[in-house]
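3D model of this:
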Amino acid sequence: MTSGWRHAAIDQTSNMVTNKQNAYGERLIELVEASKLELLELGEPGVSLSPSPGSWSAKQVLGHLFDSATNNHQRFVRAIGSGGLEFPGYDQDRWVAANRYQDAVWVELVQLWAQFNRFLAQVIGHLPAAELGTWCTIGDGEAVTLEFLIEDYIRHTQHHLGQIREVGRT
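Below you'll find the predicted structure:
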């Protein structure tokens, strides 16, 4: 019975969308839409080449961005109504290797990343305003707010898209 009440409370509060959440969602959509066409212009062999030993190819960087999106989706949704959460860390090299992004078809990887981020932007845009201050800890890092995680996710995505542009043109 309690879980039904809790879901109803989350559903009611999720309808309270503020300009701040919309702005974050819109920024992410704009970033994805502007980058998708540019990414699709990159092709083989450039996207599969690593610029230096031990560094990722454009495929692996974009795969890492997909992993980041899926991890952050979990964080954003689980933080709602939690009062604060601790999340496991993220071993990016292990995830990139396990998901075999190097073997992916570039166009499919770009489409997967773009579509999931469109969905994530919708989730962000509908987060309850009261939840933006929820404290979250990732791995052994410092506690940060949900709002910080959203802003950091967008900055992180921008940073790595810049890397892809550089790596993919080699």
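
Strands along this protein, start to end?
Ranges of strands in the chain, per DSSP state E, are 85-87, 135-138, 144-145.

Off-centre distance for the shortest one?
With C-alpha atoms, centre = their mean, to the nearest Å as the basis, the distance from the averaged C-alpha position of strand 144-145 to the chain average is 16 Å.

roughly how far apart are V32 and E44?
In this view, V32 and E44 are 22 Å apart by C-beta to C-beta, to the nearest Å. Heads up, the C-betas are built off the backbone N, CA and C, glycines and all.

Equivalent analysis for K20, please.
For K20, the distance to E44 - C-beta to C-beta - is 41 Å.

before we move on, the earlier item: columns distance to V107 on top of the strands of the chain, output as JSON lines?
Shown next, in JSON lines, are the strands of the chain (distance: least, C-beta to C-beta, whole Å):
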{"stretch": "strand 85-87", "distance to V107": "32"}
{"stretch": "strand 135-138", "distance to V107": "32"}
{"stretch": "strand 144-145", "distance to V107": "35"}
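
just those strands: most buried one?
strand 135-138 (a mean of 17; mean count of other C-beta atoms under 10 Å).

Counting by contacts, list what that one packs against.
Counting contacts by 3 or more C-beta pairs under 8 Å, 6 or more residues apart in numbering; DSSP states H and E, strand 135-138 packs against helix 58-79, strand 85-87, strand 144-145.

any low-confidence regions in the protein?
1-18, 168-170 (pLDDT under 70).

80 instead, please
Residue ranges of the chain with pLDDT under 80: 1-19, 167-170.

contacting residues for the most centrally placed residue in it?
The chain has A69 as the residue nearest its centroid, 2.4 Å off, counting by C-alpha atoms, centre = their mean. Shown in contact with A69 (C-beta atoms under 8 Å, 6 or more residues apart in numbering): W113, F116, N117, L120, Y153, T157.
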